[in-house]
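Visitor: Coordinates for the following, if possible.
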Amino acid sequence: MIRVKVRANESIEQMVRRFKKLCEKEGLTRDIKRTSYYEKPSERRRRKVRKSVKRIIRDG
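Guide: Sure thing, here's the model as predicted:
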């Protein structure tokens, strides 16, 4: 769970901005976008294979 403590003299806009950055960093928004629509099992497998290939290439 993401928690944002209010800093001294911090406006609400700044706090919301920090919250959004933390959500991005945790990958929360990516997960929400991915689960917001149905993904066929074949597409899911294809995405996982692409991710593993990228990792293999990156690690070399």
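
Visitor: middle-most residue in this structure, spatially?
Guide: Residue closest to the mean C-alpha point of the chain, counted by Cα atoms, centre = their mean, is residue 27 at 1.7 Å.

Visitor: where does that one fall, phi/psi-wise?
Guide: phi 80, psi 10 (degrees, to the nearest 10).

Visitor: Residue 20 - how many residues pack around it?
Guide: Neighbour count for residue 20, taken as other Cβ atoms under 10 Å: 13. C-beta here means a position set from N, CA and C on the backbone, and glycine is covered the same way.

Visitor: re earlier: which pLDDT does the model give the residue nearest to the centre of the chain?
Guide: Reported pLDDT at residue 27 in the predicted model: 87.

Visitor: for the helix or strand encompassing residue 21, packing partners?
Guide: Here residue 21, judged by DSSP states H and E, is contained in helix 12-26. Under the contact criterion of 3 or more Cβ pairs under 8 Å, 6 or more residues apart in numbering; DSSP states H and E, helix 12-26 touches no helix or strand at all.

Visitor: Okay, angle between the lowest-mean-pLDDT helix or strand in the chain and helix 12-26 too, please.
Guide: Least confident helix or strand of the chain, by mean pLDDT, DSSP states H and E, is helix 28-35 with a mean of 86. Angle, helix 28-35 to helix 12-26, by axes from the mean of the first three to the mean of the last three Cα atoms, to 10 degrees: 60 degrees.

Visitor: Return the distance of the next helix or strand after helix 28-35 from the chain's centre.
Guide: Next helix or strand after helix 28-35 toward the C-terminus (DSSP H and E): helix 41-59. When C-alpha coordinates are averaged (Cα atoms, centre = their mean, to the nearest Å), helix 41-59 and its chain have centres 17 Å apart.

Visitor: With stretch 39-59 instead?
Guide: With Cα atoms, centre = their mean, you get 17 Å for stretch 39-59.

Visitor: for the record, mean pLDDT for that stretch?
Guide: 93.

Visitor: Make residue 1 into 42 and carry on from there
Guide: With the count now opening at 42, the last piece we talked about shows up as stretch 80-100.
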